[in-house]
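Enquirer: Sequence plus predicted model, see below.
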Amino acid sequence: MEKYQINIAKDFSDTLGGRFKKLGPSSGEEFYEEILEKKFLLAKDKKEKLHVYLDGAKGYGSSFLDESFGKLAREYGVDIVLETIVFHTENFKRNVKYIQEMIWDINND
């Protein structure tokens, strides 16, 4: 078991909302503020990995992903985020690729 981990469906919600809290529950903004940033900083400060489990959720909208994982990269830098976060999924590999290539602007050839 990893020291630092987030299972989005279990620790936050299996039905994810949009970008901002004002648009409804379980938003990317809420996830970032309540869970993601705190766990990320704990892992980063200890030079550990943060393991993020995506499976179990009903789906991920691009606005949710951008407001949470995109904001993390904008606040702390893509390089630090790449060094710290490890995604785990069987069902949402396309979403991981979207985060890495479209939001973080890295090329995984």
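Expert: It's in.
Enquirer: any weak-confidence spans in the chain?
Expert: 1, 108-109 (pLDDT under 70).
Enquirer: would you list every one of the strands in it?
Expert: In order along the chain, the chain carries the following strands (DSSP state E): 4-7, 50-53, 85-88.
Enquirer: Which positions within the last one qualify as buried?
Expert: Residues 85, 87 are the ones in strand 85-88 that count as buried (16 or more other CB atoms under 10 Å). Every residue, glycine included, has its C-beta placed from N, CA and C.
Enquirer: and that strand, how far from the chain's centre?
Expert: Relative to the centre of its chain, strand 85-88 is centred 8 Å away, using CA atoms, centre = their mean, to the nearest Å.
Enquirer: Mind giving me the packing neighbours of it?
Expert: strand 50-53 (3 or more CB pairs under 8 Å, 6 or more residues apart in numbering; DSSP states H and E).
Enquirer: Pull the strand it packs on out as PDB, backbone CA atoms only.
Expert: Extracted in PDB, the C-alpha atoms of strand 50-53 (Å, rounded to 0.1, in the frame of the first residue of the first chain):
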ATOM      1  CA  LEU A  50       1.300  10.400  -4.900                       C
ATOM      2  CA  HIS A  51      -0.700   7.500  -6.300                       C
ATOM      3  CA  VAL A  52      -4.000   8.600  -7.900                       C
ATOM      4  CA  TYR A  53      -6.500   5.900  -8.600                       C
END
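Enquirer: Can you pull out the residues in contact with it?
Expert: With CB atoms under 8 Å, 6 or more residues apart in numbering as the test, strand 50-53 has contacts from 2, 4-9, 39-40, 42-44, 84-89.
Enquirer: contacts for stretch 20-38?
Expert: If you take CB under 8 Å, 6+ apart as the criterion, stretch 20-38 is touched by 6, 8, 11-13, 15-19, 63-69, 71-72, 75.
Enquirer: can you pull out the helices in this structure?
Expert: In the chain, helices defined by DSSP state H lie at 8-11, 28-31, 37-45, 62-65, 71-76, 78-84, 93-98, listed in chain order.
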